[in-house]
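In: task: produce atomic coordinates for the following.
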Amino acid sequence: MMQYAQQLVTERSVFSLNVATDPHTTFPYYHPAEETALSQPERLLDYPSFSGRGVTIAFLDSGFFPHPDLLAADCRLDPMPKWETLERSEVQDLLQGEPSRLIHYVDLNDGDILEGTDQPSLWDTARLSWHGQMTSVLAAGNGLMSGGRFRGYAPEANVLPIKVSRSNGSIPESEILAGLQWLLREENWQRYGVRVVNISVGGDFPRAWEESELSLAAEALSERGVLVLAAAGNSGSPVLLPPAQTPSVLTVGGYEDANQRGDLLAPRGLSHCSQYHHNYGEVMGPDGREQKPEILGLARFVPSPLLPATPTFREAHAIGALRDTLSGGDDEHARAIMAHWQRIMHVDDPRLPDQETLLSLATRFDSQEEQTLHEVWYALRKRMNAHKWIHDFYQHVDGTSVAVAQVAAVAAQMFQANPRLTGRQVKTILMATAMEMPHWPAEQRGSGIVQPGAAVTAALRAAGGVGYGLPQSATRVSESRLRKWIFQGKVPRAAVLRTGSHYHHFTYFSYYAPHARAVSLIGSFNNWVPDAMPLTRGPNGWWHGALDLEPGIYPYRFWCVDARYPHGSGRRDPENPFFTESGLRTYHSVIPIE
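Out: This is a model prediction of the structure:
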């Protein structure tokens, strides 16, 4: 299976196949097996042992909706509702009966402050709700409506939405300021456990941060240990609006990866990536001039949920059903889907083009003529493109609002991994672990592309973290140094595993699994046999092993037995940035030894 998956990779085109369809798709794909957008963790590997649990992210945005992907981790909807058939009131009744991670809601309603998750504006499916739903689910969504695939990096974090738009849709700087002031008032940030504040909107006009009340409020939160993040903006100009020009704020720009995996072992490395057209600039901070943005997040072709109980949501589901049916050759089902599509397309809506074409196709479908089928596909592609369709309930989105939400989620993982960190320390670690892109313009690239797994690994090993002082997994080490680690108590003596090799260098492996009953190492070096190479449990939930591998390239995983998987499950090494295709849903980690 791994060999087959690797063969598919070699067959992947270096040029996007989106131009091979007529009309073209609006996102690139490089192999028929990936004609959809890859998830966040498939693009940039994270540390899935940490999910943001116990950390609250506050979002300041135009509006919100309590999307099903924000339900609590222990919520199991069985059977799964037929979301595409539900009206807004039915969705609200269903979700209000389930445990949610939305711990509070604030609506700064034209100067008034309305609070509580029963506020009507939270359940509104009007256009203002979409943007905040997007940012909050990108960061903290658990992927419930995609079977777990399109999850964010913090799928168990709590969410505190703060609506800062007025009834006319405008978002003046005074409303954003009011949102930060609410967090500061009576230390509300502390009351709700807010460690991260995500701001995807900007002020009215450029000004020095010392002269901006909004920037000063962001500085006040930073002084309290909160990490405030702001989107850089999307115009590509050297202009930063408050609070993005604030020294303590982590300003996030964007990059594009052409919907491909960031395989550092591949010959192309990250050469397929390009810079997004984000804003940038220089500010004067306490330590001198600082370049912003400081870090880059994925800003194009990112999966995001559609707003439930809307015509677009229902049409997207019909598009998916028709696409699957046409691909499978079930003509009878295809006719039924076309009829369903016809019913929901709202023929009198001038915003939806090609209605007459679609109705005509529905009546002519019995002919089974090749031309008709081509016309069906053509009409289908046009609707897919109109909605940026990638899934029955998801679309792809872009912008620095998208990028900043992902970095905010990684910050939540870091705070969970090491609650003693301050916001400034998290900012420093994120920048220090970013992947540098030296060939991009210096004034726009910041410290580079965020590396979720590396950032959480560094947070674990910072002072106060459960990995403080421990070596990083997948580290090559000499036999003498390994003995020193054992003497220092960093590695248990029983963790040394031998393959019979006469090679005097070891590879050290470690895995953080405090609730596991057993963890073993499986890979090409032991024919993937579970329990053949058991790791040794150390203090604080760490499992250790050191293997004397000879030169070669070895794919591997950890085999973990716990309450959720009593028979065991294979998991990649979250501290190792190198991976290879596995043929499974997730990659194998890989260790190259020279």
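In: could you list the low-pLDDT ranges of the stretch 151-300 of the chain?
Out: 262-269 (pLDDT under 70).
In: try 50 this time
Out: Applying pLDDT under 50 to the stretch 151-300 of the chain picks out residues 267.
In: hey, where'd the strands end up in it?
Out: 158-163, 194-199, 227-231, 250-256, 274-275, 281-285, 288-292, 295-298 (DSSP state E, counting those that start in this stretch).
In: same list, those, but as CSV with distance to residue 552 and mean neighbour count please.
Out: Every residue, glycine included, has its C-beta placed from N, CA and C. Listed next are the strands of the stretch 151-300 of the chain as CSV, based on distance: least, CB to CB, whole Å; neighbours: other CB atoms under 10 Å:
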stretch, distance to residue 552, mean neighbour count
strand 158-163, 45, 27
strand 194-199, 42, 28
strand 227-231, 41, 30
strand 250-256, 33, 27
strand 274-275, 34, 16
strand 281-285, 48, 16
strand 288-292, 42, 14
strand 295-298, 33, 29
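In: tell me which helix or strand in this structure has the weakest average pLDDT.
Out: For the chain, the helix or strand with the lowest mean confidence is helix 355-364, at a mean of 52 (criterion: mean pLDDT, DSSP states H and E).
In: so for residue 431, which of the strands of the stretch 151-300 of the chain sits nearest?
Out: strand 295-298 (5.9 Å; CB to CB).
In: in the helix or strand encompassing residue 132, which residues are buried?
Out: Assigned by DSSP states H and E, residue 132 belongs to helix 127-140. For helix 127-140, a neighbour-count test (16 or more other CB atoms under 10 Å) marks 128-140 as buried.
In: of the residues you listed, closest to residue 250?
Out: For these, the nearest to residue 250 is residue 139 (13.8 Å; CB to CB).
In: burial of the closest residue to the closest one other than its chain neighbours, as a residue count?
Out: Closest residue in space to residue 139, ignoring its immediate chain neighbours: residue 409 at 3.9 Å, by CB to CB, 6 or more residues apart in numbering. Counted by other CB atoms under 10 Å, the residues lying close to residue 409 total 30.
In: kindly report the same for the one 4 residues further on.
Out: Neighbouring residues of residue 413 were enumerated by other CB under 10 Å; the total is 29.
In: burial count for the nearest residue to it once chain neighbours are set aside?
Out: If the residues on either side of it in the chain are set aside, residue 413 comes closest to residue 50, at 4.3 Å by CB to CB, 6+ apart. Residues near residue 50, counting by other CB under 10 Å, number 26.
In: how near is residue 50 to residue 95?
Out: Going from residue 50 to residue 95 by CB to CB, to the nearest Å gives 26 Å.
In: got it, and residue 153?
Out: 23 Å.
In: and those two? Which one has more around it.
Out: Shown here are residue 153 and residue 95; by other CB under 10 Å, residue 153 has more neighbours (32 against 22).
In: will you turn the buried residues of helix 127-140 into JSON lines that also has distance to residue 24?
Out: Shown next, in JSON lines, are the buried residues of helix 127-140 (distance: CB to CB, whole Å):
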{"residue": "128", "distance to residue 24": "31"}
{"residue": "129", "distance to residue 24": "30"}
{"residue": "130", "distance to residue 24": "25"}
{"residue": "131", "distance to residue 24": "26"}
{"residue": "132", "distance to residue 24": "31"}
{"residue": "133", "distance to residue 24": "28"}
{"residue": "134", "distance to residue 24": "24"}
{"residue": "135", "distance to residue 24": "28"}
{"residue": "136", "distance to residue 24": "31"}
{"residue": "137", "distance to residue 24": "27"}
{"residue": "138", "distance to residue 24": "25"}
{"residue": "139", "distance to residue 24": "30"}
{"residue": "140", "distance to residue 24": "33"}
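In: what's the burial count for the residue lying closest to residue 462 once chain neighbours are set aside?
Out: The shortest distance from residue 462 to any non-neighbouring residue, by CB to CB, 6+ apart, is to residue 418 (5.7 Å). By other CB under 10 Å, 24 other residues sit near residue 418.
In: got a list of what residue 418 touches?
Out: For residue 418, the contacting residues are 459, 460, 462, 464, 465, 466, by CB atoms under 8 Å, 6 or more residues apart in numbering.
In: let's see if you can find the most crowded of those.
Out: residue 459 (29 neighbours).
In: how's the protein carved up into domains?
Out: 36-304+397-412, 309-392, 475-593 (automatic domain parsing).
In: of all the ones you listed, which one comes closest to residue 17?
Out: Nearest to residue 17, of the domains of the chain and by CB to CB, is domain 36-304+397-412 at 10.7 Å.
In: for this structure, longest strand please?
Out: Scanning the chain for the longest strand, with DSSP state E as the assignment, gives strand 552-561.
In: does anything pack onto that strand? Which helices or strands?
Out: Helices and strands touching strand 552-561, by 3 or more CB pairs under 8 Å, 6 or more residues apart in numbering; DSSP states H and E, are strand 505-512, strand 518-523, strand 569-571, strand 588-593.
In: other SSEs contacting the first one?
Out: For strand 505-512, the packing partners by 3+ CB pairs under 8 Å, 6+ apart come out as strand 475-478, helix 479-488, strand 542-547, strand 552-561, strand 588-593.
In: one more time with 7 Å
Out: strand 475-478, helix 479-488, strand 542-547 (3 or more CB pairs under 7 Å, 6 or more residues apart in numbering; DSSP states H and E).
In: could you say which of the ones you listed is packed most deeply?
Out: Ranked by mean neighbour count, the helices and strands packed on strand 505-512 are led by strand 542-547 with a mean of 24 (mean count of other CB atoms under 10 Å).
In: paired strands for it, with orientation please.
Out: strand 496-497 (parallel), strand 505-512 (antiparallel), strand 536-537 (antiparallel) (DSSP bridges).
In: out of these, deepest packed?
Out: strand 505-512 (a mean of 23).
In: and the angle for it with strand 518-523?
Out: 140 degrees (axes from the mean of the first three to the mean of the last three CA atoms, to 10 degrees).
In: hang on, the earlier thing: tell me the angle of the longest strand of the chain relative to strand 588-593?
Out: Going by the same axes, to 10 degrees, strand 552-561 makes 140 degrees with strand 588-593.
In: if we can go back for a sec, can I assume the residue nearest to residue 413 sits in a helix?
Out: No: counting by DSSP: H, G, I helix; E, B strand; the rest coil, residue 50 is not part of a helix but coil.
In: still on that earlier bit, the helices and strands packed on strand 552-561: which one's closest to residue 542?
Out: Judging those by CB to CB, what sits closest to residue 542 is strand 505-512, at 5.7 Å.
In: so the closest one versus helix 479-488, what angle?
Out: 40 degrees.
In: how far away from the center of its chain is strand 505-512?
Out: Distance, stretch centre to chain centre, for strand 505-512: 27 Å (CA atoms, centre = their mean, to the nearest Å).
In: can you tell me what sits against stretch 158-173?
Out: 55-64, 70, 101-108, 110, 121, 128, 132, 136, 140, 175-176, 179, 182, 192-194, 201, 203-204, 214, 242 (CB atoms under 7 Å, 6 or more residues apart in numbering).
In: returning to that earlier point: any idea how far the residue nearest to residue 413 lies from residue 111?
Out: In terms of CB to CB, residue 50 sits 39 Å off from residue 111.
In: for residue 232, same thing?
Out: According to CB to CB, residue 232 and residue 111 sit 29 Å apart.
In: please apply the same query to residue 467.
Out: 48 Å.
In: give me the more crowded residue out of these two.
Out: Between residue 467 and residue 111, residue 467 has the larger neighbour count (other CB under 10 Å), namely 23 against 9.
In: what sits against the nearest residue to residue 398 once chain neighbours are set aside?
Out: Closest residue to residue 398 apart from its sequence neighbours, by CB to CB, 6+ apart: residue 300 at 4.2 Å. The contact partners of residue 300, taken as CB under 7 Å, 6+ apart, are 256, 276, 398.
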